[in-house]
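Asks: Just the structure for this:
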Amino acid sequence: MLSMEDWAEIRRLHRAEGMPIKAIARKVGVGRNTVRRALAAQGPPKYQRPAKGSIVDAVEPQIRALLAEWPTMPATVIAERIGWTRSLTVLKERVRALRPLFIPPDPAQRTEYLPGELAQCDLWFPPADVPLGWGQSGRPPVLVMVCGYSRWLSAVMIPSRQGPDLLGGQWALLAGLGAAPRALVWDNESAVGQWRAGRPQLTEAMNAFRGTVGIRVVQCQPADPEAKGLVERANGYLETSFLPGRIFTGPADFNGQLSRWLVRANSRRHRTLGCRPVDRIGADRAA
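Replies: Numbering: from 1, shown residues only. Down below sits the predicted model:
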């Protein structure tokens with residue numbers, strides 16, 4: 001059965017990269033009919049928990065040695081080099097899991113980006129009590145997203161940081177943008193994924209989300225705040241320029257005030273760009 005990760009990657013390659021079915025099948029290591037079924041699917045595949053232990057464990061040191069010298073070596077070639085005679089599927093899965101450890105990371109820390117290349121995302125917890133009804137108040141998180149090329153800032157308060165609320169907020173921001181970047185950059189937010197055994201692992205829900213939209217989700221390594229420098233600065237900007245002096249009657253009022261403020265924020269001249277985000281968002285959307 002096709003894994004959630006492969007399903008999501010197939011749809012990303014087709015939708016975001018425009019890659020033909022034959023090329024996708026070769027890159028992912030599956031049959032063309034499998035690619036066609038993934039593209040035609042109405043929803044993600046059902047999750048299958050991987051079995052404990054694997055016949056590949058014994059040859060993993062040899063795989064790592066080959067990838068250390070040739071990071072892009074195809075799994076079929078690796079199989080030949082190590083004399084693998086068992087199932088090629090399980091070997092490909094292990095190679096796919098190990099390869100990111102030997103390929104240079106995505107340039108998430110660059111200050112210049114291509115139109116539509118990526119958007120950085122984060123949760124901001126505003127230090128202000130918001131009435132939640134029935135005499136209760138709290139400080140719900142605000143999902144913040146900044147497009148790399150245009151620096152277009154989007155944000156919305158969501159009920160919680162749990163998966164359904166976070167993905168609902170993510171969808172709301174993309175819908176408001178009217179387009180999806182090729183990649184979303186996230187940290188190790190539990191609803192997004194975690195780094196385990198030296199590699200990033202998205203949650204099942206996030207893989208289903210990215211596969212549905214057809215994009216990548218780049219998980220920053222732990223303790224690397226600079227990888228999300230754009231959105232971290234946006235959080236500070238929200239806290240110093242939007243929040244002070246405001247009173248909110250509830251989350252809806254918070255989002256109403258925030259949406260009106262964002263219109264002004266995206267119309268200001270950005271010091272680094274030398275222009276306004278509103279002047280560049282068209283190129284982001286087009287790409």
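
Asks: Can you mark which positions in stretch 156-165 are buried?
Replies: Val156, Met157, Ile158, Arg161, Gly163, Asp165 (16 or more other Cβ atoms under 10 Å). Where C-beta positions appear, they are placed from N, C-alpha and C, glycine not excepted.

Asks: Would you check which pair of these lies furthest apart?
Replies: The span of the buried residues of stretch 156-165, defined through Cβ to Cβ, is set by Met157 and Gly163 at 16.9 Å.

Asks: just to revisit the earlier point, among the buried residues of stretch 156-165, name the ones in helices.
Replies: In this view, the buried residues of stretch 156-165 that belong to helices under DSSP state H are Gly163, Asp165.

Asks: want to try TSV for the buried residues of stretch 156-165, with distance to Asp284 and pLDDT as columns?
Replies: Formatted as TSV, the buried residues of stretch 156-165 follow (distance: Cβ to Cβ, whole Å; pLDDT from 0 to 100):
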residue	distance to Asp284	pLDDT
Val156	18	98
Met157	23	97
Ile158	23	97
Arg161	26	95
Gly163	27	94
Asp165	26	97
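
Asks: Can I get stretch 229-238 in PDB? Just the C-alpha atoms.
Replies: The C-alpha trace of stretch 229-238 is given here as PDB (Å, rounded to 0.1, in the frame of the first residue of the first chain):
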ATOM      1  CA  GLY A 229      13.600  34.500  10.800                       C
ATOM      2  CA  LEU A 230      10.900  36.100   8.700                       C
ATOM      3  CA  VAL A 231       7.900  34.900  10.700                       C
ATOM      4  CA  GLU A 232       9.700  35.400  14.000                       C
ATOM      5  CA  ARG A 233      10.200  39.000  13.200                       C
ATOM      6  CA  ALA A 234       6.600  39.200  12.100                       C
ATOM      7  CA  ASN A 235       5.600  37.900  15.500                       C
ATOM      8  CA  GLY A 236       7.500  40.700  17.100                       C
ATOM      9  CA  TYR A 237       6.000  43.200  14.800                       C
ATOM     10  CA  LEU A 238       2.500  42.000  15.700                       C
END
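
Asks: quick revisit: how about JSON lines for the buried residues of stretch 156-165, with distance to Ala41 added?
Replies: JSON lines is the format used below for these (distance: Cβ to Cβ, whole Å):
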{"residue": "Val156", "distance to Ala41": "29"}
{"residue": "Met157", "distance to Ala41": "33"}
{"residue": "Ile158", "distance to Ala41": "28"}
{"residue": "Arg161", "distance to Ala41": "29"}
{"residue": "Gly163", "distance to Ala41": "21"}
{"residue": "Asp165", "distance to Ala41": "25"}
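
Asks: Which of the buried residues of stretch 156-165 sits closest to Asp122?
Replies: Nearest to Asp122 among the buried residues of stretch 156-165, counting by Cβ to Cβ, is Arg161 at 11.0 Å.

Asks: Give me the distance between Gly250 and Leu132.
Replies: 7 Å (Cβ to Cβ, to the nearest Å).
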